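Enquirer: Got a predicted structure plus its sequence, pasted below:
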Amino acid sequence: MASKQIEKIIAKYLIDQASFEELDDLELWATKPENEQEFINYVKVNYTIDYNLKKTDTFKTKRLITNLIQEEKRRLKQRRILNYTKYAAVLVGILVSVYLFNQNKLNNSIENTPIIVNTIQTGTDKATLTLEDGSQVALEKGDLYETQNVKSNGEELVYEAGSSKEIVYNYLTIPRGGQFFVKLSDGTKVWLNSESQLKYPVAFIDGVDREVELVYGEAYFDVSPSKKHKGAKFKVFNQSQEIEVLGTQFNLKAYKDESNIYTTLVEGKVAVNFENRIQKLLPYEQSNVNLKTNDLVITEVDVYNEISWKDGVFSFERKPLKEIMKVLSRWYDMDVVFENKSLEEVKFFGVLDKQQNIEEILKTIKKFKIIESYEIKNKVIILK
């Protein structure tokens, strides 16, 4: 099947983000005879959403994409633009069938002017720290905070290395439209996504299991190994699930408004314990706990899609628009209404730079006819 790299290059090409080198690679791949069937399958399997693909001449389509690549290369040369940016630049409704077979409709259609009253802001570093006495401290980008055992520059929270004879807890709460990084006293690093809360000790007790709780939300853990802490294991609790760690990196997603808990192992070892059922995960495996049915399922996943958020990118692969908008609503602190309910299940893949303006994303989706139009009313987006 078409490689991940080719998929990414096609995505970049459709949104004018591909470099000369990437266009060369795409052209070389698309014109090789041995890739003809691969190309046909790639279009049919990945990007068809009932656009009469079966009636299309695939050979002509292949020639068309080659011509379009050549045109794009000439345009780049004329403008002297070499784009080397990271591929995860824009959320796209990357539907090749839509683009290739409906280009005339895109060019000739009358644009629907969206209604825009926009107060939606891009997310940023911010959190609320709740201390052991119940007092709260607002942490925001650019603000400094420091006490005897913890300091923050507004983008991260770092606890002093050391141990304690008793456990005292702090909470770090990330609102919608926020993100934050915390380094625990044992050296464990935790990235927290929007709308999340972590409960953890200010300092751990030497030789005793290190325990934290993801109360809700999503977090990426880079755990300090047990051998550095007299063999003390690291455990993460969430609702009825317990994760036992032996020095590893993993992602845990457990939002309040979702009935599934996802644990994705990047490297190392973890054991997921759900209602006394213990399941060990291998790297690139994900456990999915369904809280409604009490089922626990293990699958292999593309790890990058699960953890890219911590590096400033949202990566979506064949995700329904409804699911994508739920992710975006947390980061942009907004609500989304589907006026056209059939749009909720439209699947595509694409990537989003988390610093993008929400209007740029909506314009891209509209450009590829995934939606007909949209409205922004203060902090509510209506998709039509």
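Expert: Perfect, thanks for sending it. Numbering: from 1, shown residues only.

Enquirer: my guess is A203 contacts Y169, does it?
Expert: No: with contact defined as Cβ atoms under 8 Å, A203 does not count as touching Y169 (10.6 Å). The C-beta positions use only the backbone N, C-alpha and C, and glycine is treated the same way.

Enquirer: who's more crowded, these two?
Expert: A203 (20 against 13; other Cβ atoms under 10 Å).

Enquirer: separation between the closest residue to T128 other than its chain neighbours and Y332?
Expert: Using Cβ to Cβ, 6 or more residues apart in numbering and skipping the chain neighbours, the partner closest in space to T128 is T173 (4.6 Å). Using Cβ to Cβ, to the nearest Å, T173 is found at 18 Å from Y332.

Enquirer: Give the phi and psi angles for Y169, as a check.
Expert: phi -100, psi 150 (degrees, to the nearest 10).

Enquirer: hmm, I was thinking of P283
Expert: The phi/psi pair for P283 (degrees, to the nearest 10) is phi -50, psi 140.

Enquirer: Also the one 10 residues further on?
Expert: The phi/psi pair for T293 (degrees, to the nearest 10) reads phi -100, psi -10.

Enquirer: Let me know how buried it is, in neighbour terms.
Expert: 10.

Enquirer: before we move on, back to that, check contacts around the residue nearest to T128.
Expert: 127-128, 130, 196-197 (Cβ atoms under 8 Å, 6 or more residues apart in numbering).

Enquirer: who wins for neighbours among those?
Expert: Ranking the contacts of T173 using other Cβ under 10 Å puts S196 first, with 29 neighbours.

Enquirer: Leaving out sequence neighbours, find the closest residue to that residue.
Expert: Closest to S196 by Cβ to Cβ, 6+ apart is G217, at 2.3 Å.

Enquirer: wait, what's in contact with that neighbour?
Expert: 174, 192-198, 253-256.

Enquirer: Which of those residues fall within strands?
Expert: 174, 192, 196-198, 253-254 (DSSP state E).

Enquirer: re the thing from before, TSV for the contacts of G217, including distance to Y145?
Expert: Compiled in TSV, the contacts of G217 are given as follows (distance: Cβ to Cβ, whole Å):
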residue	distance to Y145
I174	16
L192	16
N193	21
S194	21
E195	22
S196	19
Q197	18
L198	17
K253	28
A254	27
Y255	27
K256	27
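
Enquirer: Quick check on the residues you listed: which are buried?
Expert: 174, 192-198, 253-255 (16 or more other Cβ atoms under 10 Å).

Enquirer: Of these, which is the nearest to N357?
Expert: S194 (16.9 Å; Cβ to Cβ).

Enquirer: gap between that closest one and I382?
Expert: On the measure of Cβ to Cβ, S194 and I382 end up 22 Å apart.

Enquirer: Can you find the helix or strand of the protein with the lowest average pLDDT?
Expert: In the chain, no helix or strand scores lower on mean pLDDT, DSSP states H and E than helix 96-101, which sits at a mean of 35.

Enquirer: so where's the chain uncertain?
Expert: Applying pLDDT under 70 to the chain flags the ranges 1-2, 4, 10-17, 35-115, 349.

Enquirer: Report the contact partners of P201.
Expert: P201 sits next to 164, 167-170, 184-185, 210-212 when contact means Cβ under 8 Å, 6+ apart.

Enquirer: Appreciated, that's everything.
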